[in-house]
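Visitor: I'd like to go over a predicted model; first the sequence, then the structure.
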Amino acid sequence: AQSVTQPDIHITVSEGASLELRCNYSYGATPYLFWYVQSPGQGLQLLLKYFSGDTLVQGIKGFEAEFKRSQSSFNLRKPSVHWSDAAEYFCAVDNFNKFYFGSGTKLNVKP
Amino acid sequence: DTGVSQNPRHKITKRGQNVTFRCDPISEHNRLYWYRQTLGQGPEFLTYFQNEAQLEKSRLLSDRFSAERPKGSFSTLEIQRTEQGDSAMYLCASSDKTGDYEQYFGPGTRLTVT
């Protein structure tokens, strides 16, 4: 079955620590890949996207993600987390104009 | 550019009633998408339009759900004979080719069916 998996429901990191959020997908071809962030009471905001080319993509707010075809993964990273990064993060794929989101990872940031 | 707007922001209805939600996309965005998001889950894609054409509707949850975009601008999502399981946040997004079809999301309409 086609799916997007975010194995970590909740993650807590200390402010200033590094962050990696995992995302795996299962589709026959390489879909377009996205990471979104959703803060309480806010709409979904696109952090970054991968269509093709360089497998390391840079996004807004200091985030980056790496596409690994062999692992069907698209993990999100940030070298130093800020308290304002506390939010819910969603990985998403566009597979021939059918859109699928993961169930999300809630990030808590400790002072 | 005021972003994607959705109305109403909240809707409480009784089971069995029909409800209609409106989405106004960013002006000149030719694609418009509808999603449903339940608590603790990611958005679930329902349907999308390119201009007034509904190009994908196989993901609509049942025949009680329908969407229109009659003039290629705003869109409506209707749920007939609502059920308690329809309680969710309904999200709208829009995009266009100049932005690589990046989807801009609205704030959503929260539906509560009692």
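Guide: Cool, got the structure.

Visitor: Residue in chain A with the shortest distance to chain B?
Guide: Residue of chain A nearest chain B, by Cβ to the nearest Cβ: A:F101 (3.2 Å). For the C-beta atoms, the positions are set from N, CA and C on the backbone; glycine is no exception.

Visitor: In contact with that residue: list those residues for me.
Guide: A:F101 makes contacts with A:4, A:36, A:90-92, B:35, B:42-45, as judged by Cβ atoms under 8 Å, 6 or more residues apart in numbering or on different chains.

Visitor: Could you do B:P107 as well?
Guide: Contacts here follow Cβ under 8 Å, 6+ apart; on that basis B:P107 touches A:42-43, B:5-6, B:9.

Visitor: Neighbour-wise, which one of those leads?
Guide: Among those, B:Q6 has the most neighbours (other Cβ atoms under 10 Å in any protein chain shown), with 22 neighbours.

Visitor: Verify the assumption that it is located in a helix.
Guide: No - with DSSP: H, G, I helix; E, B strand; the rest coil as the criterion, B:Q6 is strand rather than part of a helix.

Visitor: Can you give me the distance of the residue lying closest to it once chain neighbours are set aside to A:S18?
Guide: Closest residue in space to B:Q6, ignoring its immediate chain neighbours: B:G106 at 4.2 Å, by Cβ to Cβ, 6 or more residues apart in numbering or on different chains. As judged by Cβ to Cβ, to the nearest Å, B:G106 and A:S18 stand 33 Å apart.

Visitor: Please say which of these two ends up with more neighbours.
Guide: Neighbour totals were compared for B:G106 and A:S18, and B:G106 leads with 22 against 11 (other Cβ under 10 Å).
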